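Q: starting from these lines, generate the structure:
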Amino acid sequence: MCECYSGNESSQPSSPSSRIENESLGYILLDNERQTVENLLFYFEKVGSQNLIEQDDAIPFLHQAMISKNPKTKTAVMGYIRNLSLNKINQARLTDIDILHHISTILSDHTNLEAQKHAAGTVRNLALGDHCRVIVEKPFLERLAAVVLFGETNVTVLAEVTAILAVLAEDDEVKYKLIEIHDGQLFCKLVTLASFSSHNEVQYNSAGILAQMAMIVIPNRIKQSNIHGIVLYIDKFLKTSDPNLVHIALWTLFQHMKDKVFLEAFRDHGIGSVVSDIAESHDESATCELAQCVMRYLKGDESASGSN
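A: Residues are numbered from 1 along each chain as shown. Modelled structure (predicted):
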């Protein structure tokens, strides 16, 4: 039985890399906002992240600070919200439509990198906390795609957003939406990131999203314009020493071979010799088994499709 691709195993809850302290805020915030953030910090320390969002008066307090025109205030508040989003009780309150709207706005703002990082980390935590349905509604999904498509997106933000999309893409409805977003431009960008990104998490997440989308029928116009890139990145992954990349490449390859156009493209590329080496010598039995399934398919044994 060929092992199924289980999604992006690298997607973990996201938290700020460093904690914001009182002394780092005092000299950079406007007077009328300094007190707001200091009050927030004091309240956060007093009641703890477990209970903060449960307090009715905390919601408007956080929301008001979030929409501040002061970028330093916005960054500080988003850092707190990101911490709070690690807790499942808090997550339910953070899915309020108005709060999500402002989080998505901050996520789309490339002029405030630190706040953008915290917004992306918050959404990642919400996605991992089983709140995917509210995230895939318009315009949130489109804004996530726009962050990936923007050529100057910070690589840390890109890692967070591709991790979010890898989680969301487990849903079949989302797979179809992602393929069609911006007339296939997102799909093309993910192929490019999987092939050429120098950031390991971005590369792996992008490949994970593509692996999910390989499970559905890809429109011919998108398939034809990306087939060469797909063959090349899968071939590249198969030849790496990273077992995660090898496995995800085999899984994606296996799914694509159900399409005769892809099957012929992989055969023409001579990818069978690489897969054969993996089937005979890879250290992990599950990967060897999957490679054997792929080899049977490459040789014309379509009964291998039942081994999925």
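Q: and the residue lying closest to residue 81 once chain neighbours are set aside, helix, strand or coil?
A: Setting aside the residues directly before and after it, residue 81 is nearest to residue 122 in space (CB to CB, 6 or more residues apart in numbering), at 5.5 Å. No exception for glycine: its C-beta is placed from N, CA and C like everyone else's. Secondary structure, DSSP: H, G, I helix; E, B strand; the rest coil: residue 122 is helix.
Q: so how far is residue 80 from residue 122?
A: 10 Å (CB to CB, to the nearest Å).
Q: more neighbours: these two, which one.
A: residue 122 (29 against 23; other CB atoms under 10 Å).
Q: wouldn't the residue nearest to residue 81 be in contact with residue 79 here?
A: No: shown here, residue 122 and residue 79 do not form a contact pair, counting by CB atoms under 8 Å, at 9.5 Å.
Q: buried residues in stretch 209-225, which are they?
A: By 16 or more other CB atoms under 10 Å, the buried positions in stretch 209-225 come out as 209, 210, 211, 212, 213, 214, 215, 218, 222, 223.
Q: now these as JSON lines including distance to residue 165, pLDDT and secondary structure?
A: Converted to JSON lines, these look like this (distance: CB to CB, whole Å; pLDDT from 0 to 100; DSSP: H, G, I helix; E, B strand; the rest coil):
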{"residue": "209", "distance to residue 165": "5", "pLDDT": "97", "secondary structure": "helix"}
{"residue": "210", "distance to residue 165": "10", "pLDDT": "97", "secondary structure": "helix"}
{"residue": "211", "distance to residue 165": "12", "pLDDT": "96", "secondary structure": "helix"}
{"residue": "212", "distance to residue 165": "9", "pLDDT": "96", "secondary structure": "helix"}
{"residue": "213", "distance to residue 165": "10", "pLDDT": "96", "secondary structure": "helix"}
{"residue": "214", "distance to residue 165": "14", "pLDDT": "96", "secondary structure": "coil"}
{"residue": "215", "distance to residue 165": "15", "pLDDT": "95", "secondary structure": "coil"}
{"residue": "218", "distance to residue 165": "16", "pLDDT": "95", "secondary structure": "coil"}
{"residue": "222", "distance to residue 165": "16", "pLDDT": "96", "secondary structure": "helix"}
{"residue": "223", "distance to residue 165": "20", "pLDDT": "95", "secondary structure": "helix"}
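Q: let me know the secondary structure of residue 137.
A: Secondary structure for residue 137, judged by three-state DSSP, is coil.
Q: just give the number of residues close to it.
A: 11.
Q: mind checking how far it is from residue 187?
A: 21 Å.
Q: quick one: what helix or strand has the residue lying closest to residue 244 once chain neighbours are set aside in it?
A: Of all residues not flanking residue 244 in the chain, residue 204 sits nearest, at 6.5 Å (CB to CB, 6+ apart). Assigned by DSSP states H and E, residue 204 belongs to helix 200-213.
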